[in-house]
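1. What shape does this take:
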Amino acid sequence: MSDSVSRKGVPQGDRGPQTPIKNRILPYIRSCLKAFKVDDAYPDIADEVMGEAIGPMPLHLFYACFMDTARLAPRSELEACVEEGMFDNVRPDDPKHQEKDMYHPIIAQLKAHGLCAKFILRDTSNKTQKGAGTKQRPDLTIYLLGEEGEELEVGLVWDNVEACGEVKDDSHLDPHRHTFQRDEVLENIDNDASQKVFGQLLSYVSFQLLRQHRNYTFAIGIYGDYFRIYRIDRSGVVVSEQINYKKNPLALAEFFWRYNQLSRTERGFDPSVVKATAEEAELLTQAAEAHTTLVEEDSDKVRDYPGLKSTTDKNLPAYKVIVSDADDNVKTYVVRRSLLNKLSPLGCATRGFFGVEVPIDNAAGKQGGKPSKLVFIKDTWRVDGDDADIENVVYADLAAHGVPHLPVVICGGDVCWEFVENDAGEVVGMQKNSDGVQETITQLLANASKKDVPWRRSCNSLRTLVHNRTVFELLYPIESVRDAKELVQVVRDLMKTAIDSYVETGRANRDIHIDNTMVSAAGRGVLIDWGHSRLLHQKRKPGIYRTGSWQFMSYALLKNRNKAHSIFDDLESIFWIFLYVALRHFHHVTSDDFTPTIFDYKEGKTGGLVKFDYLRNTNGKKITFSCPALDQAVDTMRTFWQSCYRDDVSKRHTKTASKSSRQRAKEIPPSLLNTFDKALRLEEESWTHGDWIEDQYRPVSDTARRKKNRKALESTLVNGSSIREKMAKSVLQSTSVSTTRVKRSREGVDEDAGTGAGTTLVDKLKRATKKARVGLKDPKDTVPIGWFQH
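-> Numbering: from 1, shown residues only. Below is the predicted model:
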């Protein structure tokens, strides 16, 4: 059969033609089975924001719209602080002048003229934060000073960064057009280097938004003699016009002068979140420690959770957040660092937290009572619109129709309450936000008529995103399964949830990925994150982008941008998650080293070809698991999906999406669930209990690989010959030298020495290691996948 997948009978209300897959690079890296260089992601980050950046906004309008405040001092105060030529020494006409020489003149001038007295601007270009999970280093960062004007921290501290700045010595590295002609659009970036600069700045913003509780943030770009100001929320990026700060120093000074007078909320911080007191933070620590104790006692009530340690780490800041429902029932929870992260400057930006409820007195805002058990808090920005379903409402509807294996929702809804503080910054109560729910505003500029925003160049129509929090009873990631049998049970439960949701209500999740397939304490599968779900038979306006997470999308969706989303796409996503977890955590052998590319393969804006090859068992792409029952379940499912594409089952169903529950039930082949039921009924001898292992595909940097090779060589020089041979094999394999050469070296044949006599094994090791150092060395270190995690 052809690799292409045709599209027939697409319901009128589903996806329209040429709906692009929005593949955000940072969430993509999160699930990659290969190591990524941070620098390599910059062009993709910039590319994904193309069309979602609005500009060039006149600077006076930017300041009036986004940095106006009732407390703004008279403008004469600003004018008195600014001198003509105050920034002339930032970039003098000196051929030896470098980018790093620009930082301190800017910092010194702002400090000397008292333009930002409440804050300090720092050079963090050569500083990283230990234990932050990233090696990124913004050129400039803004921090709040203490009440006495003292610095509250030293170096780069991501939890407290107010705003980031990127500085480039060359004005041609401005990521946006120097002159915005009417036939040009903002995303027409001059060259690859300037595109990388934009992605670099956005990556800083992404990590700042991940580490903090914000609704938006500001950033500044200084490109040669010019600068731009950015405002970023989850809908898009507003970019100011380009201004020459040497000729117009007042324009640059005004940004810092205005920023100095903005309140915490006006600077982008979430007013529904405040710093927790030491006593409140201790409640979270106690609850987490109690959970850990139960884990150590091997209790059936709980299981271990990756990242739990960060909940008890007193070096990390603790926050108190408000969660409310549609009836204005309000609860507060204490959280620390997020666990499940979607690191992207735009989009839903879903984060997961461990939390513990702190009972409150709504009248006085005082805390009291004892902590309850740990809960899981999901923080996200949902798409708003007439056809958008609020996740909490979806759960209630699914439960009413008897759909199994859903999370237990404690409370949740759109964020519309905020803390009230006195002049001393002390929390004195809570109130409902007079502006309603927290939502993005960039879309207002993008979707306004051209008459209202004549300065705007072409851009995409942007969506309104609304801030939402939901609290669940504690769940665990699917990778926390204890053995292969439990994994099969969990996947069977996920399949059952997706099938019953479709059969009983006609609803498909449409965004099933590794972070929303969970496990209960009892070892049963739970499918969460229904915010992107839709009724497939419902007529609705086509979305701007197709939902889904790249690594786990069906082959048909990846290959064909015209295809409507179906229930079979959801079910195939669950299969890819099944294979993904099995590969990472259970012993297996492959006939070809192709496993990382199954999930990561991309070809421009489409992909999935390696998935299709695996399903067809093309070119010997076969995987065999050590556990017989697991191997049987995986291979049977592979055969099932192979037959689906051959028989075109995944397309036929779209013609019946609007029919009754009984008719929808007939679309689902019984063999789908029977595969798992048969596996679970196998004799115990077919299962290998307790066979879960540590991640076999944890990305390794080139630096770590070279270090491992050096240690291997040192070990062989000390230990016996049998150990030497094992290490020789490891080193040779790491440098793409075949195992055949190792065998021939044992026979005294040195292929690299030509026709000469065989050399010693140590000589061969030295030569192989030298090749490794030369062949694998890269001028920039590869940063493993953990660079953006906790």
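2. Let me know whether Phe89 touches His104 as I believe.
-> If you look again at residue 89, you'll see it is Asn, not Phe. No. Applying CB atoms under 8 Å as the test, Asn89 and His104 come out as separate, 9.9 Å apart. Where C-beta positions appear, they are placed from N, C-alpha and C, glycine not excepted.
3. Surely Lys432 is in contact with Trp417?
-> Yes. In this structure, Lys432 is within contact of Trp417 by CB under 8 Å, at 5.5 Å.
4. Now the common contact residues for those two.
-> Counting by CB atoms under 8 Å, 6 or more residues apart in numbering, the common neighbours of Lys432 and Trp417 are Asp328.
5. So between these two, which is more surrounded?
-> Each of Lys432 and Trp417 has its neighbours counted (other CB atoms under 10 Å); Trp417 has more, 20 against 12.
6. can you tell me how far that one sits from Glu280?
-> 17 Å (CB to CB, to the nearest Å).
7. for stretch 388-400, which positions count as buried?
-> Ala388, Asp389, Ile390, Glu391, Asn392, Val394, Tyr395, Asp397, Leu398 (16 or more other CB atoms under 10 Å).
8. Against which helices or strands is the helix or strand the last one falls within packed?
-> When elements are assigned from DSSP states H and E, Leu398 belongs to helix 391-400. On a contact count with 3 or more CB pairs under 8 Å, 6 or more residues apart in numbering; DSSP states H and E, helix 391-400 meets strand 409-414, strand 465-473, helix 484-505, strand 507-508.
9. Check what contacts the last one and list those residues.
-> Read that as strand 507-508. Residues from elsewhere that reach strand 507-508 (CB under 8 Å, 6+ apart): 394, 397-398, 498, 501-502, 530, 533-536, 565-567, 569-570.
10. Sheet partners, orientation included, of that strand?
-> Here strand 507-508 has these sheet partners by DSSP bridges: strand 534-535 (antiparallel).
11. which element follows the partner strand toward the C-terminus?
-> helix 555-559.
12. Over that next one, what's the mean pLDDT, rounded is fine.
-> Mean per-residue pLDDT for helix 555-559: 88.
13. C-terminal to that helix, what's the next element?
-> helix 567-585.
14. Distance from that following helix to the middle of the chain?
-> Relative to the mean C-alpha coordinate of its chain, helix 567-585 is positioned 19 Å out (CA atoms, centre = their mean, to the nearest Å).
15. Counting by contacts, list what the helix or strand following that helix packs against.
-> Downstream of helix 567-585, the next assigned helix or strand under DSSP H and E is strand 588-590. Applying 3+ CB pairs under 8 Å, 6+ apart, we find strand 588-590 packed against strand 623-625.
16. Now with 10 Å, please.
-> Secondary-structure packing of strand 588-590 (3 or more CB pairs under 10 Å, 6 or more residues apart in numbering; DSSP states H and E): strand 623-625, helix 628-647.
17. Flag the shaky bits of the stretch 101-250 of the chain, pLDDT-wise.
-> For the stretch 101-250 of the chain, the stretches with pLDDT under 70 are 131-133, 147-149, 177-191.
18. And the helices in it?
-> Under the criterion DSSP state H, counting those that start in this stretch, the stretch 101-250 of the chain carries helices at the ranges 103-112, 192-211, 249-259.
19. mind listing what's buried in the shortest one?
-> Across helix 103-112, burial judged by 16+ other CB under 10 Å covers Tyr103, Pro105, Ile106, Gln109, Leu110.
20. Over to the longest one?
-> Of the residues in helix 192-211, those buried by neighbour count under the rule 16+ other CB under 10 Å are 194-211.
21. quick one, what contacts Gln195?
-> By CB atoms under 10 Å, 6 or more residues apart in numbering, the contact set of Gln195 is Tyr42, Pro43, Asp44, Ile45, Ala46, Asp47, Met50, Leu173, Pro175, Glu187, Ile189.
22. Show me just the buried residues among those.
-> If we count by 16+ other CB under 10 Å, those have these buried: Tyr42, Pro43, Asp44, Ile45, Ala46, Asp47, Met50, Leu173, Pro175, Glu187, Ile189.
23. and the spatially closest residue to Arg71 that is not a sequence neighbour, how many neighbours does it have?
-> Leaving aside its sequence neighbours, Arg71 sits nearest to Gln261 (CB to CB, 6 or more residues apart in numbering; 5.7 Å). Neighbours of Gln261 under the rule other CB under 10 Å: 17.
24. ok, now which ones touch Gln261?
-> By CB under 10 Å, 6+ apart, Gln261 lies in contact with Met67, Asp68, Thr69, Ala70, Arg71, Leu72, Ala73, Glu77, Cys116, Lys118.
25. Please spell out which residues along stretch 588-603 are buried.
-> His588, Phe594, Thr595, Pro596, Thr597, Ile598, Phe599, Asp600, Tyr601, Lys602.
26. For my notes, please list the helices of the stretch 101-250 of the chain in TSV and give distance to Gln696 for each entry.
-> Below are those laid out as TSV (distance: least, CB to CB, whole Å):
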stretch	distance to Gln696
helix 103-112	43
helix 192-211	27
helix 249-259	48
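27. Identify whichever of those lies nearest to Phe676.
-> Between Phe676 and the helices of the stretch 101-250 of the chain, the tightest spacing by CB to CB is seen for helix 192-211, at 36.0 Å.
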